[in-house]
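Chemist: need a structure here:
(one chain, ligands or ions: 1)
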Amino acid sequence: MIWNETKECMSRDEIYNLQSARLVKLVKRVYHNVEFYRKKMQELGLEPGDITGLEDLNKLPFTTKEDLRDNYPFGLFAVPQSEIVRVHASSGTTGKATVVGYTRRDIENWQECVARVLAMAGIDRGDKVLVAYGYGLFTGGLGLHYGAENLGATVIPMSTGNTSKLATLLEDFNASAIACTPSYLLHIAEVLEEENKVENLTLKAAICGAEPWTDNMRREIEKRLNIKAFDIYGLSEIMGPGVAADCEYHQGLHVYEDHFIPEIIDPNTLEPCKDGEIGELVFTPITKEALPLLRYRTRDLTSINYEPCQCGRTLCRISRFKGRSDDMLIIRGVNVFPSQVETALLEIGETSAHYLMIVDRVNNMDVLEVQVEIEDRFFSDEIRELEKLTKKIAYKLKTALGLSVKVKLVEPRTLERSHGKAKRVIDLRKID
Ligand code: DLL
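Modeler: Below you'll find the predicted structure:
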């Protein structure tokens, strides 16, 4: 289902013209209302009139998370406090929280984007959507909540936490869709399986995001719960969930280009990448009123594709995320992403999708240990069988990563489950 045909199926020329017009207005807004941008543009010798369309985008300065932190909490807001109807914040692992704000119009646009994502996943009024992202300062819970309401679906605002109760409500309320992180959904699947509830469910779709996950993980979720799973992407600085999402063809995530201009740049040279080349995703949110950022560097690594999609949408697509530039591990000179480990493990098919990567430095040498949970059905007391499996995984990971890896098999359900974003890596080299 296409929720807003006039916005999702424009011609590429129409998209270009709309983005150009909105960019010109945005630049005026930030120049006149945000001191930080006025100064930045003046340093570059730029006046608002110098930006006449999309072709001038690369004259504008980049914005980073540090800029938001330096202006904590409200320094980059472009409207008076009285027009802000909501704030959210992301905690981050280091430093101060990043605070974001919304006007009423921003919230309306956000709801519409999330409603489009849900429609793309086949959800409609009449469906019951259980939201199991965290509610609160995190944008996941309320973002999905308002989007589903806007669509006209019934929201079950569960939040995270009590997985057993969640499983009961999925069954008792006949929920037809669930929205949560993919790692949490796998944990929910385990609980449903233990309680023999899977076949009683009327669930048909899951809207998963907020963390990187692979196509193999999607298929695993789809198989275990007998549903269709969709990828939803977003970040609080730009809006929250609903900046991009995939359709039933799963050939990349459609970006809502009427609200966000995407760019892919080389994170070292800051020059644009060619279409299809992996680089850092940069967004300029062209309709944001409260927190309009110029060329925000997401640190997320992906590539872009402007070819039309089989689903009929003309919106460009970004590929499933490889990871973040700051999640990339460099181990003995080799670049390693957790997503590579996940893909390899799920291809073997004898382990669960729960794993933990531990990097350490022993005798001046970096070592990577991957702890992998085996599934109940493959768990055996036969030491020989376990040794065979360990070797098989080590070989697979070595081929996939180009690096030898120490593999440690752990018993089912021993690695910590997360209800929000999963923690896949412990880098002991950084903890002194
Ligand atoms: O995670 C917003 C969100 C909520 C998205 C619910 C989807 C669903 P932040 O906490 O600001 O916002 O974190 C944003 O999470 O820069 C990515 O690194 C990562 N991320 C979000 N969605 C995906 C995804 C929310 N589908 C950061 N695939 C982003 C990979 C994702 N990474």
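Chemist: any idea how this structure splits into domains?
Modeler: 1-327, 329-430 (automatic domain parsing).
Chemist: what does this structure put close to the ligand?
Modeler: Within the chain, the positions lying close to the ligand (CB under 6 Å from any ligand atom) are 90, 133, 139-140, 143, 209-212, 231-236, 240-241, 298, 300, 321, 324. Where you see a C-beta, it was placed from the backbone N, CA and C, and this is true even at glycine.
Chemist: who's the residue in the chain positioned nearest to the ligand bridged to?
Modeler: Proximity of the chain to the ligand (CB to the nearest ligand atom) peaks at Gly209, 3.1 Å away. With DSSP bridges as the criterion, Gly209 is bridged to Ile232.
Chemist: Against Val372, how distant is it?
Modeler: According to CB to CB, to the nearest Å, Gly209 and Val372 sit 24 Å apart.
Chemist: can you give me the mean pLDDT across the helix or strand where Ile330 lies?
Modeler: In the assignment (DSSP states H and E), Ile330 maps to strand 329-331. For strand 329-331, the mean per-residue pLDDT is 91.
Chemist: which residues touch it?
Modeler: Asn335, Val336, Phe337, Met357, Val359, Asp366, Leu368, Leu403, Val425, Asp427 (CB atoms under 8 Å, 6 or more residues apart in numbering).
Chemist: Could you check the helix or strand in which Ile188 is found and say which residues are buried?
Modeler: If you go by DSSP H and E, Ile188 is part of helix 182-194. In terms of neighbour count (16 or more other CB atoms under 10 Å), helix 182-194 has its buried residues at Pro182, Ser183, Tyr184, Leu185, Leu186, His187, Ile188, Ala189, Glu190, Val191, Leu192.
Chemist: Adding pLDDT, write those residues out as JSON lines.
Modeler: Formatted as JSON lines, these follow (pLDDT from 0 to 100):
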{"residue": "Pro182", "pLDDT": "95"}
{"residue": "Ser183", "pLDDT": "93"}
{"residue": "Tyr184", "pLDDT": "95"}
{"residue": "Leu185", "pLDDT": "96"}
{"residue": "Leu186", "pLDDT": "94"}
{"residue": "His187", "pLDDT": "93"}
{"residue": "Ile188", "pLDDT": "96"}
{"residue": "Ala189", "pLDDT": "96"}
{"residue": "Glu190", "pLDDT": "93"}
{"residue": "Val191", "pLDDT": "95"}
{"residue": "Leu192", "pLDDT": "97"}
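Chemist: what about the helices in the protein?
Modeler: Along the chain, the segments classed as helices by DSSP state H run 5-8, 12-33, 35-43, 65-70, 104-120, 139-151, 163-172, 182-194, 215-225, 338-348, 383-401.
Chemist: any weak-confidence spans in the protein?
Modeler: 92-95, 380-381, 431-432 (pLDDT under 70).
Chemist: could you point out the longest strand in it?
Modeler: In the chain, assigned by DSSP state E, the strand with the most residues is strand 351-362.
Chemist: Now do that one against helix 383-401, angle only.
Modeler: Interaxial angle of strand 351-362 relative to helix 383-401 (axes from the mean of the first three to the mean of the last three CA atoms, to 10 degrees): 70 degrees.
Chemist: so how far is strand 351-362 from its chain's centroid?
Modeler: Mean-position distance between strand 351-362 and its chain equals 22 Å (CA atoms, centre = their mean, to the nearest Å).
Chemist: Output the contacting helices and strands for that strand.
Modeler: helix 182-194, strand 329-331, helix 338-348, strand 365-374, strand 425-427 (3 or more CB pairs under 8 Å, 6 or more residues apart in numbering; DSSP states H and E).
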